[in-house]
Structures are given as C-alpha cells and as structure tokens.
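[1] Got a predicted structure plus its sequence, pasted below:
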Amino acid sequence: MQIEIEVKSLSFVEYLHRGRIYRETDLPADLTLLEYLRDQRKLTGTKEGCASGDCGACTVVLVSLEQGGELHYKTVNACICQAAEISGNALVTVEDLQEETGELHPIQRSFIEHHSSQCGFCTPGFVMSAFALRKQVKDPSTEEVLEALSGNLCRCTGYRPIIDATRDPLAGTKDSYDRNVEQLKVELAGIQPEFQLVTGTGLSQPQSLSDLQTQLEHWPDAEFIAGGTDLCLDITQNLIAKPRLISLTRIAELKGIVKSQDGRVTIGACTTFSELLGFARSNGWSEFDGFLRRIAAEQVRNRGTIGGNLANASPIGDMPPVLLALEASVQLWSSTGERLLPLRSFFLSYRKTALNPGEIIKSISFNQPDSGFFVNKVSKRQDDDISLVCVAGSVTVSDGKVERISLGFGGMAEIPKTAPELEAFLVGRSITLLAEKPLADCLKQEFSPMTDLRGSADYRISVTAALIHAALNSIAAKAVGGAHE
Amino acid sequence: MSNEIMGMPKSHESAALHVTGAAQYVDDIPLPTGALYAAIGLSTISSGQLELVDLQAVREAEQVVDVITSIDIPGVKDVGPVFPGDPLLAEERINFYGQPIFAVVAETEKAARRAVTLAKIEFQPEEPVLTIDEAERQQARVRPSHRMHKGDASQALSQSPIQLQGNVSIGGQEHLYLEGQVSVAVPTESGGMHIYSSTQHPTEVQSLVAEVLHIPFHEVVVEVRRMGGAFGGKETQAAPWACLAALLALRTGRAVKLRLPRAIDMQVTGKRHPFENSYKVGIDETGRIQAVELSLNADCGCSPDLSDAIVDRAMFHADNAYEYPHARILGERWRTNKVSNTAFRGFGGPQGMLCCEAMMDDIARHLGMDPLDVRLTNLYPETGGTTPYHQAIDGGPIREIVKRLESTSDYRTRREAITQHNASNPRVLRGLSLTPVKFGISFTLAHLNQAGVLIHIYTDGSVLVSQAGTEMGQGLYTKVAQVVASVLGIDIANVKLSSTRTDKVPNSSPTAASSGADLNGMAAQNAANTLKARLKAYLSERESLPEESFIFNQGQIEWQGVCQSFSSLVEEAYRARVQLSATGFYKTPEIYYDREYASGRPFYYFALGAACTEVEVDRITGVSKVRRVDILHDCGHSLNPAIDRGQIEGGYVQGLGWLTTEQLMWNGEGRLLTSNPATYKIPAISDMPEIFNVELFDHPNSAATIHRSKAVGEPPFMLAISAWCAIADAVASVSGYQRSPQLTAPATPEVVFNAIRKCTKE
C-alpha cells in the first residue's frame, strides 16, 4: 500500500456558536460564510437572495470583543464574507435567538405582533439586523432604524411594519445574550486567534506587518483581501477560484484613527466604513457623516475598509472623490520599505493603481473636513446604491470669492479624478456672479463621462455642474453668515 | 359564521416560522442521498441561429454527470403556457439574449455552474429588434391587434371643443422576488416525478413536466408549501426550471435541484411589459371628457406567453375610474428580441391606468384646473355608467372614496400651501396628487375562475385543509384557515393548511389575478359547510332535534343548554361512520365576455381605492422623495385587516419602485445590464413614505364574495400612480403649472432633472 504524505498547513478557525467552540480546519479561502452555514452546517434559516451583498437576506451577527473589553454586535452579509474570517468571533444566526425553553426572542415576538413578515424570505435577515441594532442602541430613533436596516431588502411589506417592530420597546427586552454578557466575554477572550502561517491553500490572517512579511515569503503572489465586499463578487458572481488569500483586516498597524493638532487625520488602511462613520459623528463632521451613511449599507460598512476601497480603484468607488478633495495621501508598505504618495498620483488607469505586487496601503492621511467641505452623491436610490456621479470639494471663500479649491470626482472618468483646470478656473471668481453654464463647459473640457446603466453623459456633466454651483453658493452664504456672527 | 375569526387581524400562519428561520423554502428542503445540482448555459446573442454547440469540455468537466440539449427532450419541446413560442432549450433559432441552450448536472452546484462556462457555442447573429418602434416598423407582433369600441370616438373627438393629445413611455419591472427561481425533482418508483417548485401554478408545472417527459399527468406530483415572493413572476416562469430538473432526474435516476443564481434569474425570466401609450382626448371647457382614442403598445418580448391577456387587461383599465362617453382603445402586442414579458402584479392594468391618469393631469394643466377637479368631473356617474367594454358600473362608491380621502388627507389646504411654497422658487419643490383606482376582479379567461378544496377532520378534532391556491406571502393560507375555523366554530390553531399539491386538488388555476382568497375561500367554505352539515345531520338524528338547533362555536357544539366539544363529536361521528372528509368547489357566477365584440361582464366586481401622495423634488439633482401618503382602500368587508393592510402598503411601495427607481436597462446587443440588485434598485427602507396613513373602506362587497370581502393582491399597486403624478405636479410648478412635464416612467432623478429643465425653458 502506498502511503501518501500530504504536507498540510493545518490552519484552523475557532469561533463560538451557541455557547460552544467550533474548530474548523482548512476552510477553503473562497468558501463563503453563507455556503458554510447552509451546505456544511445545514443551517438553512440564513437565506441567499443575491449572493452579492445587496439584499441582506443572509445577514448574520458577529459578536467580537473590542479593545475596551466590551462586546460589539455587528451585522455582516454571510454571502460576501469568507467563512474563515469569523475566527475569534461569536456567531449568531436566526436559529439562535429563541430561548432554550423554546420561547421566542423579543424581536421575533415583535415582528409577529406587527405583522412584519409576508413571504418571510427576507425576514431572518431583518431579524438579525434588528437584533444587532437593539444590542448596540438601547432606544433607537426611526433614523437609526433606517440606517441599520438599509441593507435589507423586502419586496412584500413596504417596510412600515418592520420599522415599527424594530422600534417597539418589546424588541429591546432583556434576552439571554444580555444575561450572559460576562460569560461571553470570557469565552471570546479564550479564542482570540494567533497568526498561523499558511503554506498550502487557505486564508491567511496575519496579525502584524511582520506576520505579513513572513506569509509573503511563502506566498509572494497571493491576493490581498481587506474586507472583501467587492472581491467576493469575483467568487460568487464570476465563479473565480481564489485558493490563496491574505486577509489584512487583523493587522494591528493597519487599524486606528489619529487626528493631529493641525487637523490632519490619519487612518489605518483597514479602518472600516463603520469605524470612520463613528469617528466622523463623534467629531461633528455632519456633511461627511451624511455621506458615509449613504455608502453601501451597514452590513457592508462593517466589513469594507477605506484602504480596500482605494486599492479596489473603482471609478465609482465612494471614498476616492472625498479623499481627493481633502488632499489625501497614502502611505504604502511592502517588505522592502514604505513610501508616501499623494492620492492624486495613486489611480493610474481603469482599476489600476500605483501599488506594486506585494505592496499594500498602510494608512491614509487627509485634511479634516471643515465648513468649506461639501460632497454630493447622485444615485437612483438613496440607500445602498452606487454613485452615478459623486462630487466632493474643499473650498476656502474670501470676500465672496473662491480663494482655494480642491475637487474630487467619481463616475466621471475611468478613474477617480481631480479637475485641475476647473480648479484654476474657479480660483479668484466671485461666487454670486458665477453661472452654471461655464462650469459645465469646463467640466466638458476636463471629462468625457460614459453613458451607462446608471445615467447619461449629459446628465453626469449637467448635474455635477449644478451641484458644484449650488455647493459654492451655499458655502459662500454660510461664510457671509459666519462673518456677521 | 362566527365573527370572532372572520375579519380579525390574525397573524400570518407562518409568522413564527418566518422569524425563527424555520420556514422551509425549496432550497431548504433536505435532499435525498445522491442528489445532483443543475445549471443552465445561455445564449450570448439576442437574435440569430445556433451554428455550433460544442459541449465536450462541459461533459468532461470535474464532477459533471450529464449534459442535455434540445434533442434530449423525449416529449414536448415547447413550454409556452397558452401559445407556443417558448422552447425549453433552444433548437436552432435564438430569440433573446440569455435564452437557455443546454443544461448541466453535477455533484455540486459550484461544479455545475463552473462547467457551464466551458461550453463553446458559435452563433450566426442577426440584427435584433429591441424597441417597440422597431417592432412596429417591421409589423412584428406576437399576437394580433385587438380593439374596444364604445360609441363613435373619432366623430365625437372631432366635434369636441378642445382636443389634446399626448403620450407616455412606461418602463418594465423586474419582480425581484427575494427567493429566486428554484425546483427540485425527485424520481419516483414508477418513472414519475415528485416536484418541489416555487410556483404560483402547480398544475401547469405538472402538465408541462409530464408533457416534456412524455408521461401521464398522474405520474407527476407538484408540491408548493410557500414561495419567497412571486408577484406574477412565478406564474409561467417557474415551469422551465422544473421541467429541466425533471428531465435530468429522469436521465440520472437521482434527485436534481436547479436553482438560478440571481443574475441569471433576472436575465432569463420575463418582466412587466414596457408600454408606449398615446392618447387623443376631446374635452369641453369644464374638463369633461367627450371622447378618447387610446393606443396601448406593449413590448411583449420574443413570445406570446400571457401577453394576450395582459394587453387586454391594460385595455380594460385604460378608463381607470372615468366615464368615456365615446372610446376607441387599441392594444398592440409587439414582438422584440427580449426575454418574453410576463405577469406582474396588476397584469397590464397599471400600464393602462398610468396613461389615463397622465391624460387627466394634462387636461388640468391645459385648462388651468386643479387635477383633482378634472378627476372628480370625469369619475363614473353615481349610477348607470358603462365601461368601454360595455360592463355596467355604478360610480357611487369610488366617488365616495375620493371625496372622503380629499377631506381626510386635507387635500385642498395642502394644495394651497404647496402652491405657495413652490412660488418662492425653492431648491426643493413639492408636489401633490390624489388618484383613484378601479380594478376589475376575475380572470378574464373565464374558465380559470374556479377552485377546489379538500378538508379532512381527524378524530382528535384537528383539521387539515388542502386547497388549490399557493402561498407567496399574501396570507392566503391564513385567510382560508379563518374561513374553515369560522364555519366549523373551532379555534384557528386547530386548522392546518397543507402544502399545495396537485395530487390533493387537481386541475387548479394559477394563484393570480388577486383571486386566491375569493376562489379558494369560497371553495373552502363550501367544503366546510358540507362537513358541518354531515355533523349536524348526525346530531339531529342522535338528539331527535332539527338541524338548526345545533350551534358550532368556540370548539363547542351547543343545543338546548347542552354542550359537546368538537373533538368528542368528531370522534363519535367517526365511530358512527360519518364521512369526515369533503371536497368543496367554487366557480365565479355571472361573468361572461365576448372578446370578438369586446363586450360583456368580464369582472364579477371592481376593487376600489384612492391615494393622495405628497412628494418633494430636489430641483438641482432631480431626486424625489415621498413625504406623505394617505390611502383609503376598499377591501370590502375585510377577511383580515392586518393582512390586507400589508397588501396595501406593500403594493404601494412596489408600485412606487416601478415608477421611480426601478429602471431596466439593456445594451445595444439586447443584453440586460441591470441584472442584479446592485444595479436594479427596488425600494429600500428609507424609500418608505415618512407619513403613511392607511385606512380600509370597510363596506361589504355588493357581489356575493366570501365574507363580502374584496380581492386585495393587485389593486393597491396602482395607488402609487399618485406618486408619479405628484412628481409631475412638482415639476409643473416651475412653469407656474402652465405646462405638462414630459415625464416618463420610471421618473428617475435624471428623468426628473431633464423634465424640470425642459419645463423651465419652454
């Protein structure tokens, strides 16, 4: 008999589920959490509606132990989350909410009382989003409910009964998770993952840049994943196999947000949209906050990272226009060293960036948005939609004239772009005397946008000109108002 | 009947299963050992011939078990539901982009889907027909034209003091049921099939599977417990996947699941028909209509499917709630190289009605009147109205609904405030509109207006009901359970609805045309009454009392101060050899229609309603938002007000999506570009109106329906027309309400932006 000795990486993933530690070895890198739940664990309460992170039917909750020792409940779309990524978290699916006695969870009771389900297919996802919200926010406002549920589509109810059920005080009644907080903290502390070098295939999860360096020595050609909310579409929609992936999201050096004295903000590349949104709110950046709220939906904001959004280099990505307007720069890291690049020089051509093979974004620095900052995203739908155009600007107004301006555009070219000629045209102009037409003419000089499924080239130009015009007038009016104060 | 159950806001019978994730959909059913997974290979052109289909690499791919093309079909190769035109797999001719050409079955879903990509297919492409204009130029139709006449429209039009004309371009709509198309076929011992399908029409799936496999109908059982949404998209569109799964199961002898990935589902299944409609209307100076000529032009896609009936229904609703003294309505069924368009909530009605309501607005702006006054002027008269297809109609109830809503929504005060607001040249414009809905209830194909139910009472007193209707979220099972519990005087918890199966109730109609509760509710009532009569006869003999002496209520039977529990009675009746199983049947009375003369009474009654919507429109971007909606909707004497309210709110928001954010886009080759929810935007939670007042117009139906209720599935969809008209109203304000904006549907931000600019310039 021939004995085949296979050299295995022995990578394993540990997570908590229903008070038990699950240990899975060698999960394929491209196995989604949804496939894992439905096909391997036979937990079919979590549904596939789209397999692209757009409908929320597969929403599950991950509970993690945060820096301060607190529990954090966050929703994710299981269809665009790697199964291996749940390592170190407690997993909660719709099957887990009922009490051991069989009694329904308060949120489940509230959904029944408010007649919140019709066909029921989206319901598990909504229940999970509502569950996470009620764990994070004690008495949510309607706006907070809308924000938390904007990634869940329902085709039957028109949403009213779902909002009512989620807001109902009943839905906030204490449950077994509240009663077992301390135990859950202890259990989670016991399964915090350490770096394991993966030599075969699988998902590598370095915890530091030095781990990453070690992993790269074995896998110089591996693909990076930084949240994966777009990369996963390659797997689920284009059926591309991804046997080796390096997840960057656990690398300590890529996390954190710092604001310096001069108002320059530096964020780790693996800061999630949700983390940035929280920071924007606590700093009172209302315009920026309103924009972040319209990026994707909570499930995606919980996974997607700012660095991932930049490296992905989509011409309709949400962050590039804003960061271009805020004169961002990116700190790049590779095993051979680091370099600093203005974001203006980062996007080279369609979905191609200045990143070399094996190089990653380490951090992003940008000017703190002030009262001269504006951003507008136009899309068919307000929640969870991709920009038809996005225009952002940072402007200083003096005596009713543009003193300084930097602009960023999405959806206007094959890459996210600035508009140096338009900026030059605007500097020194009186805003009240500025008409929309020359703005549009300038934009036409600078851009040749596409007509596509989201909108026509003409609309892209016209609405962008109109938005800049309106924003300048509004900022100028504010500046005058400010001067009178 | 006991009033403690009928008319009560009972929870959806599956609510607890929905919220715990325990509710099983087809994809959740555990499969037998050895089950296989299928995937389909599609055309990448819209029109032309297949030149070469080389599936060698597909067959040789890892884990692939079988591959089939059209030649492998033993029986019928065309699965067209009414008329031929829908080949299960393409033979030589390609008629739309995404047309299925072959199917693969493999050990895993991933293997099957990956194997599909290995096919080498060559085409000889031809120039596709992708627009209604081009189809009209080529006179390409899937079915002949059809006309309705009332009086002499052209003469009355030419004699009218004022003549106006206009047109409305109306987009289609993707169903986007959250659960995509899926079927599982399990071979039986006798060469038959047990099919689990997410379908609104189990009987049609049964007959098509049998015909494709060339086996008798009684060898095929189709079972549907519930669908994760359907909206018309699973009336005819579920069958092909069941047929393919069945054929692959027959060939391999193993169970086969075929579940379409979302992007494929959206490409290969039909949608709501886009329409290009135009009108000519003659009016007097008060806005009263003298005559109307309408031309309704549907993009049917590549085959007839249900388009004949859908365009007919558009024609039936081109009057909405208004009397046309003279009318000529033309309905055209144009053929294009797109996936064949199909049933979708409203079934053509919304497209006919939207044209009518746009016309009302145009009349108002031409005369400088409030659009509501034009509508009130033209509503059907209190009594003695006649539709363009010569059905008698009394306009009293719809007038009462509109007038009451005018008052409860505070229309006149808000109209004044909005006009003032808009006059100040604000960035955010406001618009207001109040529109009625009158929707004809009955299948216009008369023989479909029938249903059967089978009820078993077991000796513990529990009751099992099998009926012909399917559950897609609309609450049919709940309403039928209410009916049965009410007749038998027992708690609703003792009544269970079994899954809908073709071996329990045969020869069923689709659950469509809002008819589910009307037909199955009545059939269930009949069956339950039969059982109750048998129990009463037994009691009457036992107690030597007349049958009327026995009252069935709250799980008890009472007579002369004596009481017996329902469960002990049935146990006893069983021992006395009383048959405890019965069928019930119902067919809608009084309906008839002569299509040749376009005349008759196609509808047993009309469901009515009205909505008043206020919107705001950002004049810089064209982005619109609904601020407030007030709805008064007529469910007759509601069977279940909670469920009916759900249909009203859900229908409104789905209609709002059709008219605002949901835009289907194709490229020049006829490929659908908006083939996933990332690019095709149905309403999300923030699109829900900020203020959403819904009231039921609680009047018993004058027609003898179950509990005097009215059908509620489709009619509320059309309440959303008020939102589209309100957007037009906001846009018209930039011209001081002098001009009618050129608004198309859906009114996306770009459409509204352009309409504002055009209205300002003119």
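    Okay, I see it. Note that the structure is a prediction, hence the values are computed from the model and not measured. Residues are numbered from 1 along each chain as shown, chains lettered A, B, ... in the order given.

[2] what about the closest residue in space to A:R155 that isn't next to it in sequence, how many neighbours?
    Spatially, and ignoring its direct neighbours in sequence, A:R155 is nearest to B:G229 (5.1 Å; C-beta to C-beta, 6 or more residues apart in numbering or on different chains). To be clear about C-beta, it is placed using only N, CA and C from the backbone, and glycine gets the same treatment. Applying other C-beta atoms under 10 Å in any protein chain shown, we find 26 residues neighbouring B:G229.

[3] Can you give me the pLDDT of B:G229?
    Predicted confidence (pLDDT) for B:G229: 98.

[4] my guess is B:S183 contacts B:S198, does it?
    Yes - if you go by C-beta atoms under 8 Å, B:S183 and B:S198 touch, sitting 7.4 Å apart.

[5] Spit out the contact partners of A:C79.
    The contact partners of A:C79, by C-beta atoms under 8 Å, 6 or more residues apart in numbering or on different chains, come to A:32-34, A:48, A:50-53, A:58, A:232, A:236.

[6] Now list the buried members of the residues you listed.
    A:32-34, A:48, A:50-53, A:58, A:232, A:236 (16 or more other C-beta atoms under 10 Å in any protein chain shown).

[7] now those residues as JSON lines including distance to B:L434?
    Below are the buried ones among the contacts of A:C79 laid out as JSON lines (distance: C-beta to C-beta, whole Å):
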{"residue": "A:T32", "distance to B:L434": "48"}
{"residue": "A:L33", "distance to B:L434": "48"}
{"residue": "A:L34", "distance to B:L434": "45"}
{"residue": "A:E48", "distance to B:L434": "41"}
{"residue": "A:C50", "distance to B:L434": "36"}
{"residue": "A:A51", "distance to B:L434": "42"}
{"residue": "A:S52", "distance to B:L434": "39"}
{"residue": "A:G53", "distance to B:L434": "39"}
{"residue": "A:C58", "distance to B:L434": "40"}
{"residue": "A:C232", "distance to B:L434": "46"}
{"residue": "A:T236", "distance to B:L434": "45"}
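
[8] JSON lines for these, including distance to chain B and secondary structure?
    Below are the buried ones among the contacts of A:C79 laid out as JSON lines (distance: C-beta to the nearest C-beta, whole Å; DSSP: H, G, I helix; E, B strand; the rest coil):
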{"residue": "A:T32", "distance to chain B": "11", "secondary structure": "strand"}
{"residue": "A:L33", "distance to chain B": "15", "secondary structure": "helix"}
{"residue": "A:L34", "distance to chain B": "12", "secondary structure": "helix"}
{"residue": "A:E48", "distance to chain B": "7", "secondary structure": "coil"}
{"residue": "A:C50", "distance to chain B": "5", "secondary structure": "coil"}
{"residue": "A:A51", "distance to chain B": "6", "secondary structure": "coil"}
{"residue": "A:S52", "distance to chain B": "6", "secondary structure": "coil"}
{"residue": "A:G53", "distance to chain B": "8", "secondary structure": "coil"}
{"residue": "A:C58", "distance to chain B": "11", "secondary structure": "coil"}
{"residue": "A:C232", "distance to chain B": "12", "secondary structure": "helix"}
{"residue": "A:T236", "distance to chain B": "8", "secondary structure": "helix"}
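
[9] one step back: pull up the overlap in contacts between B:S183 and B:S198.
    Residues touching both B:S183 and B:S198 (C-beta under 8 Å, 6+ apart) are B:26, B:238.

[10] any bit of stretch A:194-202 sitting next to chain B?
    No - Stretch A:194-202 does not reach chain B (C-beta under 8 Å from any C-beta of the partner chain); its nearest approach is 15.7 Å.

[11] tell me which residues in that stretch are buried?
    A:195-196, A:198, A:201-202.

[12] now do stretch B:657-667
    Neighbour counts over stretch B:657-667 (16+ other C-beta under 10 Å) mark B:657-666 as buried.

[13] what subset of those residues is also close to chain A?
    B:661, B:663, B:665.

[14] What parts of the stretch 351-500 of chain B come near chain A?
    The stretch 351-500 of chain B comes close to chain A at residues B:427, B:472-475, as judged by C-beta under 8 Å from any C-beta.

[15] helix/strand/coil for A:L37?
    helix (DSSP: H, G, I helix; E, B strand; the rest coil).

[16] Find the residue closest to it in space, skipping its chain neighbours.
    A:L43 (4.7 Å).

[17] same check, this time on B:E285
    In space, not counting the residues next to it along the chain, B:E285 is nearest to B:P161; the distance is 6.2 Å by C-beta to C-beta, 6+ apart.

[18] Same question for A:C270.
    Leaving aside its chain neighbours, A:C270 sits nearest to A:L254 (3.9 Å; criterion: C-beta to C-beta, 6+ apart).

[19] hang on, isn't that neighbour packed against A:T272?
    No - using C-beta under 8 Å, A:L254 makes no contact with A:T272, being 11.0 Å away.

[20] ok, the residue nearest to A:L37 - contacts?
    Going by C-beta under 8 Å, 6+ apart, A:L43 touches A:37, A:93, A:95, B:21.

[21] biggest separation within those, which pair?
    Using C-beta to C-beta, those span at most 10.6 Å, a distance reached by A:L37 and B:G21.

[22] okay, the residue of the stretch 251-400 of chain B found nearest chain A: pLDDT?
    Residue nearest to chain A within the stretch 251-400 of chain B (C-beta to the nearest C-beta): B:R262, separated by 4.5 Å. At B:R262, the model reports a pLDDT of 98.

[23] what does the one 3 residues further on give?
    Reading off the confidence values, B:D265 has pLDDT 98.

[24] what's in contact with whichever strand or helix holds it?
    Assigned by DSSP states H and E, B:D265 falls within helix B:262-268. If you take C-beta under 8 Å, 6+ apart as the criterion, helix B:262-268 is touched by A:49-52, A:237, B:40, B:42, B:97-100, B:174, B:176, B:180-181, B:260, B:339, B:671-672, B:674-677, B:680.

[25] and what of stretch A:339-349?
    By C-beta under 8 Å, 6+ apart, the residues outside stretch A:339-349 that reach it are A:310, A:313, A:320, A:323-324, A:327-332, A:353-354, A:364, A:414-418.

[26] mind running it again at 6 Å?
    The contact list for stretch A:339-349 (C-beta atoms under 6 Å, 6 or more residues apart in numbering or on different chains) reads A:313, A:323-324, A:328-332, A:353-354, A:415-416, A:418.

[27] which residues sit in contact with the closest residue to chain B within the stretch 151-300 of chain A?
    In the stretch 151-300 of chain A, the residue that lies nearest chain B is A:G158 (3.4 Å; C-beta to the nearest C-beta). A:G158 is in contact with B:649-650, B:653, counting by C-beta under 6 Å, 6+ apart.

[28] will you turn the residues you listed into CSV that also has neighbour count?
    Putting these into CSV (neighbours: other C-beta atoms under 10 Å in any protein chain shown) gives the following:
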residue, neighbour count
B:E649, 26
B:G650, 27
B:V653, 29
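
[29] Among those, name the ones that also lie close to chain A.
    Contacts with chain A within these, counted by C-beta under 6 Å from any C-beta of the partner chain: B:649-650, B:653.

[30] Out of the residues you listed, which sit inside strands?
    Members of the ones next to chain A among the contacts of A:G158 lying in strands (criterion: DSSP state E): none.
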